[in-house]
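Engineer: Quick one, what's the 3D model for this:
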Amino acid sequence: MPNKTRIDKWLWSVRIYKSRSIATEACKSGRVKVNDKSIKPSYILEEGQTVSVNKKEKKWVVKCLKAIEKRVSAELAQTCYEDFSPPEEPRKKLGAFFYTTSETRDKGKGRPTKKERRVLDKFKGNEEE
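Structural biologist: Numbers count the residues shown, from 1 in each chain. Take a look at the predicted model:
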């Protein structure tokens with residue numbers, strides 16, 4: 001007979017979510033699906049079922065190999081599921097780097113001066129000839 005546990009406890013115990021309350025809220029809002037069906041936080045997960053989780057930064061698709069209720073170390077948690085998640089796009093991985101390095105200004109600095117705009121345009125390659 002396969003082991004069973006609540007889905008919100010399992011998501012927390014295998015470290016997909018930081019806290020059980022966040023896992024519960026994700027289930028309530030429909031971001032967690034088991035076998036392509038939206039579920040409640042009290043859903044009883046059995047070993048062998050496929051769980052899909054949509055987080056902001058990553059989409060998880062995992063198969064439950066071991067139904068656990070207590071939070072374990074990251075190494076042990078990875079043995080409790082098999083990961084079928086699609087690979088992340090390279091732009092998403094480096095997105096924060098590209099969007100924060102050149103276009104941000106310190107708070108309170110206001111708009112760039114004409115001289116600063118010329119330097120920025122030259123740097124970006126938008127210089128008018």
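
Engineer: Following element in sequence after the helix or strand of the chain with the lowest mean pLDDT, please.
Structural biologist: Lowest by mean pLDDT, DSSP states H and E among the helices and strands of the chain is helix 90-100, with a mean of 55. Proceeding N to C from helix 90-100, the next assigned helix or strand is helix 114-124, under DSSP states H and E.

Engineer: Make sure Thr50 is actually in contact with Lys37.
Structural biologist: No - the pair Thr50 / Lys37 is not scored as a contact, 10.5 Å apart, by CB atoms under 8 Å. Just so you know, the C-beta spots here come from the backbone N, C-alpha and C atoms, and that holds for glycine as well.

Engineer: So which of those two has more stuff around it?
Structural biologist: Thr50 (15 against 8; other CB atoms under 10 Å).

Engineer: Assign a three-state SS to the residue nearest to the more buried one when sequence neighbours are not counted, would you?
Structural biologist: Leaving aside its sequence neighbours, Thr50 sits nearest to Lys63 (CB to CB, 6 or more residues apart in numbering; 5.3 Å). Assigned state for Lys63: strand (three-state reduction, DSSP: H, G, I helix; E, B strand; the rest coil).

Engineer: So, low pLDDT: which residues of this structure?
Structural biologist: 1-2, 89-104, 127-129 (pLDDT under 70).

Engineer: run the last query once more with 50
Structural biologist: Residues of the chain that meet the criterion pLDDT under 50 lie in 1.

Engineer: Now do the same contact list for the residue nearest to Thr50.
Structural biologist: Gly48, Gln49, Thr50, Val51, Tyr81, Glu82, Phe84 (CB atoms under 8 Å, 6 or more residues apart in numbering).

Engineer: What residues are bridge-paired with it?
Structural biologist: Beta-bridge pairing of Lys63 under DSSP bridges involves Thr50, Glu82.

Engineer: what's the spacing between it and Asn35?
Structural biologist: 10 Å (CB to CB, to the nearest Å).
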